[in-house]
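**Q** Here is my input, please return the structure:
(2 chains)
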Protein chains: 2
Amino acid sequence: MSSARPRPVYFDCDTGVDDSVALALLLASPEIALVGIGTVSGNVDSTQAARNTLDLLALAARDDVPVAVGAHDHLSHAHDGGVPHIHGHNGVGDVVLPTSPIEPDPRTAVQLLLDLSHAHSGELVVVTVGPLTNLALALRADPTLPERVASVVTMGGAALVPGNITAVAEANIYNDAEAAAEVAEASWPLTLVPLDVTLEHRLDEDDRAALLASGLPLARAIGDILDLYFDFYVGLYGTRSCALHDPLAAAIAIGLVTPTVAPAVPLVVDAGHGPGRGQTIADLRAPRTGYIDHPGVTTRIVLDTDRALAPVLIERLTTPRA
Amino acid sequence: MSSARPRPVYFDCDTGVDDSVALALLLASPEIALVGIGTVSGNVDSTQAARNTLDLLALAARDDVPVAVGAHDHLSHAHDGGVPHIHGHNGVGDVVLPTSPIEPDPRTAVQLLLDLSHAHSGELVVVTVGPLTNLALALRADPTLPERVASVVTMGGAALVPGNITAVAEANIYNDAEAAAEVAEASWPLTLVPLDVTLEHRLDEDDRAALLASGLPLARAIGDILDLYFDFYVGLYGTRSCALHDPLAAAIAIGLVTPTVAPAVPLVVDAGHGPGRGQTIADLRAPRTGYIDHPGVTTRIVLDTDRALAPVLIERLTTPRA
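**A** Now for the predicted structure:
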């Protein structure tokens, strides 16, 4: 057990299969303290995402974490209904989780985030794994928010690899390009964890079997939830497996995985309505000898990491927490 | 000497240092017959590009190739003045070439291209190494042009690597994004040779020395012309050297270098005025096992080739043609 005080984390999610894995990882990691969760529409709508999150928390007996329902619709358009063929109709792979008796926090996700930014001023780490609607709304409600946030770690975007919803756009960013643009422009240290690196981290059937064999209810549930999700990735990887998109952002925020290539470069989100809509345009022009941090830029684009997340993740999820 | 009839090539260029190298390679290659050249503003303006081209042709005693001056300005904006710090004020590295007594063809580049498309209907190969203004104007003047063109090979764009004029845009495409969009939409077989692959082919000081030691006037002139250009690439490669952007497109059209990874995928050029302007958006989403050609798509994006161009290029440029 580290003697350092756990860093307070606010988690913004659209739970979602890989959101569930990320949540389980955050709950299993003593380096951080999960102090609040906001939901947003993406993989499912924000209300269903809150229900899923509460039900997962209950499996870990963590009814102490407030879960606030966030934006149902995005800044410029309505929620598109999600992706049931990937995450299931209920967001958790069509697995029926035991219903937690806990209800969502009465606050909005924006209010919860703002409250936590005051309660943990200067220390709060914001981890986002869905569209950035809540963060953008929080910035609009209180432009001083970045002064109180230690860092933002965002799963989203694609820098030098194709997108996953258009040729150049990743789903979290595309689903609220206007919000992503506002978050990218804000003056907080932002670590973008894009497809370039999330697609390099995978779980396979052996990992899923290890989860299913666990004595921990949350680990077993995650093993079940991954079943449908694994089908989707056959088209990409050729085998039943999955990318660790959202868990990688969580792991980087925790410090379990360390970025080894993560240049600080200007980032612009294309919020126009042309073919590049939703693209994260990072200026990665560089000498062949390697990337150079741009002076004064606090946005980092993670392009490589120091280790494989999967073994660490499985160990965390299947080890009872002291 | 191959017994096959040389394929007729129309070359559209903004000569330009690497345009000069590409021109020399076309002249030295018996697989093709250079039947006409049009110029466009880019590295220099289209009039200077024609003068450079005529002077280079004279060094090879090839006064038979018509050179037509093409568009000075682009579809939506004026020529920006070129890039003297890269290509020199005169486009050929500030080397003073002997002035050819030959004047440009009285036709416009558009008219020359259209005439050649009739004279060599079904056989004409169009090689472009500058902005696509002339091609777009030719398409507007005669939308049936693609029916008479065998293929178009275009140096331009950046698919999965950064651009060279913005974070995502390559200069030839960016300098006339509207024209590039029209060319990409036309129904001809288009092979795009982007920075992804052109940056992998280089000349170094040994190559330049071999050119300077040649008995051929054009080869020696190219060796001189490369001097200034090599300085520019120190910032990218760390040594005096250069990328073979334009020569690679020529080499692929000739058949000297064969693309090994060149998926047929939808290509859209961002001609909007957002941060993605001038980007070549190729839909390279694919299984990890490899790219799959999209049915019915005739646009190929070259991502890898079968051999290093430099040795073949130097051999061609320094070998007297039979």
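**Q** In chain A, what residue lies closest to chain B?
**A** residue A:276 (3.3 Å; CB to the nearest CB). Heads up, the C-betas are built off the backbone N, CA and C, glycines and all.
**Q** Which secondary structure state does that residue sit in?
**A** With DSSP: H, G, I helix; E, B strand; the rest coil as the basis, residue A:276 sits in coil.
**Q** Pretty sure it sits against residue A:168.
**A** Yes: judged on CB atoms under 8 Å, residue A:276 makes contact with residue A:168 at a distance of 5.7 Å.
**Q** higher neighbour count, those two?
**A** Neighbours around residue A:276 and residue A:168, counted as other CB atoms under 10 Å in any protein chain shown, are more numerous at residue A:168. The numbers are 30 against 27.
**Q** Helix or strand: which one has the more buried one?
**A** In this structure, residue A:168 sits in neither a helix nor a strand according to DSSP states H and E.
**Q** Kindly report the same for residue A:214.
**A** Element membership of residue A:214 [criterion: DSSP H and E] is none; it lies in no helix or strand.
**Q** what's the burial count for it?
**A** Neighbour number of residue A:214 under other CB under 10 Å is 19.
**Q** who touches residue A:47 in this structure?
**A** A:39, A:69, A:72 (CB atoms under 8 Å, 6 or more residues apart in numbering or on different chains).
**Q** Same question for residue A:177.
**A** A:76, A:169, A:269-271, A:277-278.
**Q** hmm, which of those residues are the buried ones?
**A** Among those, those that count as buried by neighbour count (16 or more other CB atoms under 10 Å in any protein chain shown) are A:169, A:269-271, A:277-278.
**Q** and those residues, which two are the farthest apart?
**A** For the buried ones among the contacts of residue A:177, with distances taken as CB to CB, the pair at the greatest spread is A:169 and A:271 (10.9 Å).
**Q** Give the intersection of the neighbour lists for the two.
**A** Common neighbours of residue A:169 and residue A:271 are listed as A:177, A:277-278 (criterion: CB under 8 Å, 6+ apart).
**Q** How far off centre is stretch A:285-302?
**A** Averaging C-alpha coordinates over stretch A:285-302 and over its chain gives two centres that are 23 Å apart (CA atoms, centre = their mean, to the nearest Å).
**Q** Any part of it near chain B?
**A** Yes: counting by CB under 8 Å from any CB of the partner chain, chain B has neighbours in stretch A:285-302: A:285-289.
**Q** how about low-confidence regions in chain A?
**A** Where chain A drops to pLDDT under 70, the residues are A:1-3, A:322.
**Q** Mind checking which of the contacts of residue A:47 are in helices?
**A** Secondary structure from DSSP state H places none of these in helices.
**Q** which parts of the stretch 101-250 of chain A sit against chain B?
**A** Contact residues (CB under 8 Å from any CB) of the stretch 101-250 of chain A with chain B: A:160-164, A:167-168, A:235-238.
**Q** ok, longest helix in chain A?
**A** helix A:217-232.
**Q** Report all helices and strands that that one contacts.
**A** On a contact count with 3 or more CB pairs under 8 Å, 6 or more residues apart in numbering or on different chains; DSSP states H and E, helix A:217-232 meets helix A:17-27, helix A:46-59, helix A:84-87, helix A:205-212, strand A:241-243, helix A:309-318.
**Q** Among those, show me which one is buried the most.
**A** For those, average neighbour numbers computed from mean count of other CB atoms under 10 Å in any protein chain shown are highest in helix A:17-27, which has a mean of 27.
**Q** Specify the angle between it and helix A:205-212 in degrees.
**A** When axes from the mean of the first three to the mean of the last three CA atoms, to 10 degrees is applied, the directions of helix A:17-27 and helix A:205-212 differ by 60 degrees.
**Q** Just the CA atoms from helix A:17-27 would do, formatted as PDB, please.
**A** Written as PDB, here are the backbone C-alpha positions of helix A:17-27 (Å, rounded to 0.1, in the frame of the first residue of the first chain):
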ATOM      1  CA  VAL A  17     -18.800  -2.300 -21.800                       C
ATOM      2  CA  ASP A  18     -15.300  -0.900 -21.800                       C
ATOM      3  CA  ASP A  19     -16.500   1.900 -19.400                       C
ATOM      4  CA  SER A  20     -17.400  -0.900 -17.100                       C
ATOM      5  CA  VAL A  21     -13.900  -2.400 -17.200                       C
ATOM      6  CA  ALA A  22     -12.400   1.100 -16.700                       C
ATOM      7  CA  LEU A  23     -14.700   1.600 -13.700                       C
ATOM      8  CA  ALA A  24     -13.700  -1.700 -12.200                       C
ATOM      9  CA  LEU A  25     -10.100  -0.800 -12.600                       C
ATOM     10  CA  LEU A  26     -10.600   2.500 -10.900                       C
ATOM     11  CA  LEU A  27     -12.400   0.800  -8.000                       C
END
